[in-house]
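Enquirer: dropping a prediction and its sequence here:
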Amino acid sequence: MSNWRDILSQQMQNEPPRLSVEDAITIYEKADINELLHAGLISRRNKVPGNTVTYLVDRNINYTNVCTINCQFCSFYRPPGHIQTYTQTIDEISQRITELEEISGTRILMQGGVNPNLELDWYLDLLKEIRLRHPSIDLDCFSPIEIEGIAEVCGLSTKEVLSKLKDSGMHGLPGGGAEMLVDDIRLGISPKKGSAENWLRVMGEAQELGLTTSATNVFGFGESKSHRVQHMSRIREMQDIALASGRIGFTSFIAWPVQLENNSFGKKNKGRNKIELTTSGPEYLRHIAVSRMFFDNIVHIQASWPTMGVDIAQLALLAGADDAGSTMMEENVVSASGTTKTMAAELELQRTILRAGFIPQKRDSDYNHLPTVLFEDRLTTPPPIQPS
């Protein structure tokens, strides 16, 4: 087994060797945190040169909270027939998108639950109408498990469903629902979600169709560091296949710790040491640094301010992350689990980036750079002197 210092030294080279699963586990478990985070920053600079940090102005829209999957860690869903269930109308969703357009947003992240009452035509009509009313907004919608649910209702394959959704205006399939792609953990916390292979298969189909995709990771369920690296390994292997086939694959990797305050998983494990179940700031930062070095084939690593707060997110930018996520004009799923962290506006996200020592760069869902107005300059620059 390699010494962790030797591993980090190799990873800080301009063209480092691929980090093996075994070495990734070693530095995750044993490396001095300061040296680990420094190595993550150097790796980031090699992979994404320059001093800019990207961000996205978007809105999360949770079109329904009806779901039959019953994930133990989810506080957002309600089972069919529950008094608190809802499904938004096209006009309600359109109004939310109009509010996003008013602040120069460019993308919606629209996700809900596995709602057995919604037919495929409901989704197709929704996408077509949104595309008609809001042609400039990227529609990154649903998740692999939602696609499986739609396919089950309509009797088509998941790839056929994805193809029809794309033809109706869907731009991308976000990576929600991955959690841990290690079945020993995954099937224990979400047995109805099915195996890791299901998630990987649907994401692969989306990539074959040219949909924009991202990879995610929720951790802190009591799994080992080995489990976490195994999750990353499944993602990296899939990305290798995508790139070898000439596809873009995953645009980014986004990880965050599970929120336990208001769900059955947290309540069931209330008596356990919380460190076993969730993550502290230093633990999260270790995860960011390791993922930056491990993913030699995924360009962008995102910091998660909604779950960790602005201060830890800023440190994540110094540990390997190059993207600050989005303004999240609306967010209901993570907040339902207990977090109260919010980001009021683009200005606040820009300030977060600037105070970490980086230059804010607005982007779209595909990481194309967009014109960026620095609102901080508007606030701090004195008005011009008017002639007398």
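Expert: Happy to help now that I have it. Numbers count the residues shown, from 1 in each chain.
Enquirer: all helices of the stretch 1-150 of the chain, in order?
Expert: 4-11, 21-30, 33-47, 90-101, 120-133, 144-154 (DSSP state H, counting those that start in this stretch).
Enquirer: TSV for these, including mean pLDDT?
Expert: TSV is the format used below for the helices of the stretch 1-150 of the chain (pLDDT from 0 to 100):
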stretch	mean pLDDT
helix 4-11	97
helix 21-30	98
helix 33-47	98
helix 90-101	95
helix 120-133	97
helix 144-154	91
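Enquirer: give me whichever of those is most buried.
Expert: The highest mean neighbour count among the helices of the stretch 1-150 of the chain, using mean count of other CB atoms under 10 Å, belongs to helix 144-154: a mean of 22. For the C-beta atoms, the positions are set from N, CA and C on the backbone; glycine is no exception.
Enquirer: helices or strands up against that helix?
Expert: helix 120-133, helix 158-167, helix 196-208 (3 or more CB pairs under 8 Å, 6 or more residues apart in numbering; DSSP states H and E).
Enquirer: pLDDT of the last one, averaged?
Expert: Helix 196-208 shows an average pLDDT of 97 in the prediction.
Enquirer: just want the angle from that helix to helix 158-167.
Expert: 40 degrees (axes from the mean of the first three to the mean of the last three CA atoms, to 10 degrees).
Enquirer: just after helix 196-208, pick out the following helix or strand.
Expert: Downstream of helix 196-208, the first helix or strand assigned by DSSP states H and E is strand 212-219.
Enquirer: and residue 2, what does it touch?
Expert: 23, 26 (CB atoms under 8 Å, 6 or more residues apart in numbering).
Enquirer: got a pLDDT number for it?
Expert: 79.
Enquirer: measure it to residue 17 for me?
Expert: Look at residue 2 and residue 17: by CB to CB, to the nearest Å, they are 11 Å apart.
Enquirer: how about residue 192?
Expert: Distance, residue 192 to residue 17, by CB to CB: 40 Å.
Enquirer: and residue 61, by the same measure?
Expert: Applying CB to CB, the value for residue 61 to residue 17 is 43 Å.
Enquirer: would you mind finding the longest helix in this protein?
Expert: As assigned by DSSP state H, the longest helix anywhere in the chain is helix 225-244.
Enquirer: by contact count, what packs against that helix?
Expert: For helix 225-244, the packing partners by 3+ CB pairs under 8 Å, 6+ apart come out as helix 21-30, helix 196-208, strand 212-219, strand 250-257, helix 281-294.
Enquirer: in that helix, what's buried?
Expert: Buried residues in helix 225-244, defined by neighbour count with 16 or more other CB atoms under 10 Å: 225, 227-236, 238-239, 242.
Enquirer: pick out the most distant pair among those.
Expert: The distance between the two most remote of the buried residues of helix 225-244 (CB to CB) is 26.1 Å, for 225 and 242.
Enquirer: ok, now which ones touch residue 375?
Expert: Residue 375 sits next to 346-347, 350 when contact means CB under 8 Å, 6+ apart.
Enquirer: and the pLDDT for it?
Expert: 79.
Enquirer: from residue 348, how far out is it?
Expert: 9 Å.
Enquirer: and what of residue 122?
Expert: 36 Å.
Enquirer: before we move on, back to that, same list (the helices of the stretch 1-150 of the chain) but as a markdown table, adding distance to residue 181.
Expert: Listed next are those as a markdown table, based on distance: least, CB to CB, whole Å:
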| stretch | distance to residue 181 |
| --- | --- |
| helix 4-11 | 23 |
| helix 21-30 | 13 |
| helix 33-47 | 22 |
| helix 90-101 | 30 |
| helix 120-133 | 26 |
| helix 144-154 | 11 |
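Enquirer: now the one residue sitting closest to the centre of the chain: closest residue in space, sequence neighbours ignored.
Expert: The centroid of the chain falls nearest to residue 254 when counting by CA atoms, centre = their mean (4.1 Å). Once flanking residues are discounted, residue 254 sits nearest to residue 302: 4.3 Å by CB to CB, 6 or more residues apart in numbering.
Enquirer: the one you found: how many residues sit nearby?
Expert: Counted with other CB atoms under 10 Å, residues neighbouring residue 302 total 26.
Enquirer: show me what contacts it?
Expert: For residue 302, the contact set (CB under 8 Å, 6+ apart) comprises 252-254, 321, 323-325.
Enquirer: let me know the pLDDT of it.
Expert: With respect to pLDDT, residue 302 scores 97.
Enquirer: ditto for the one 10 residues further on
Expert: The model reports residue 312 with a pLDDT of 94.
Enquirer: grab the nearest non-local neighbour of it.
Expert: Using CB to CB, 6+ apart, the closest residue to residue 312 is residue 281 (4.6 Å).
Enquirer: one more: residue 55?
Expert: The nearest residue in space to residue 55 (CB to CB, 6+ apart) is residue 324, at 4.5 Å.
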